[in-house]
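**Q** need a structure here:
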Amino acid sequence: MKLTKEERLPVGKMLHEGSLSYKDCMEKYGVSRSACSNWVREYRQINGIPPKSPHGGSRRHGPKRLRIDDKEPAPR
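**A** Alright, predicted model coming up:
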């Protein structure tokens, strides 16, 4: 099912907020998981919402890894 941008944005919002699961989105709209992900990304970009980190925090600003041998931060 081909949706317009105006139709995709509310679906992207529901996916982002968790009120619609990816599985339900795929079944209801007959699309792939990547299509659902694209809708979420589109919703976030239009609304200036940064992406959620899959690791629970920003990799760029996360804790520094220490080397075992010299206790100095490891290079990234």
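
**Q** show me which helix runs longest in the protein.
**A** helix 33-47 (DSSP state H).

**Q** would you mind pulling the contact partners of that one?
**A** Helix 33-47 has contacts (C-beta atoms under 8 Å, 6 or more residues apart in numbering) with 5, 8-9, 11-13, 15-16, 22, 25-26, 29, 49-51. Bear in mind the C-beta positions are built from the backbone N, C-alpha and C, glycine included.

**Q** buried among those? Need that as a selection in ChimeraX.
**A** ChimeraX command restricting the contacts of helix 33-47 to the buried ones, with burial defined by 16 or more other C-beta atoms under 10 Å:
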select :8,9,11,12,13,15,16,25,29
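
**Q** wait, isn't residue 14 in contact with residue 20?
**A** Yes - assessed by C-beta atoms under 8 Å, residue 14 is found in contact with residue 20 at 3.7 Å.

**Q** are there residues contacting both of the two? Which ones?
**A** Common neighbours of residue 14 and residue 20 (C-beta under 8 Å, 6+ apart) do not exist.

**Q** where in this structure is pLDDT low?
**A** The model of the chain has pLDDT under 70 over residues 54-76.

**Q** can you show me the helices along it?
**A** 5-17, 22-29, 33-47.
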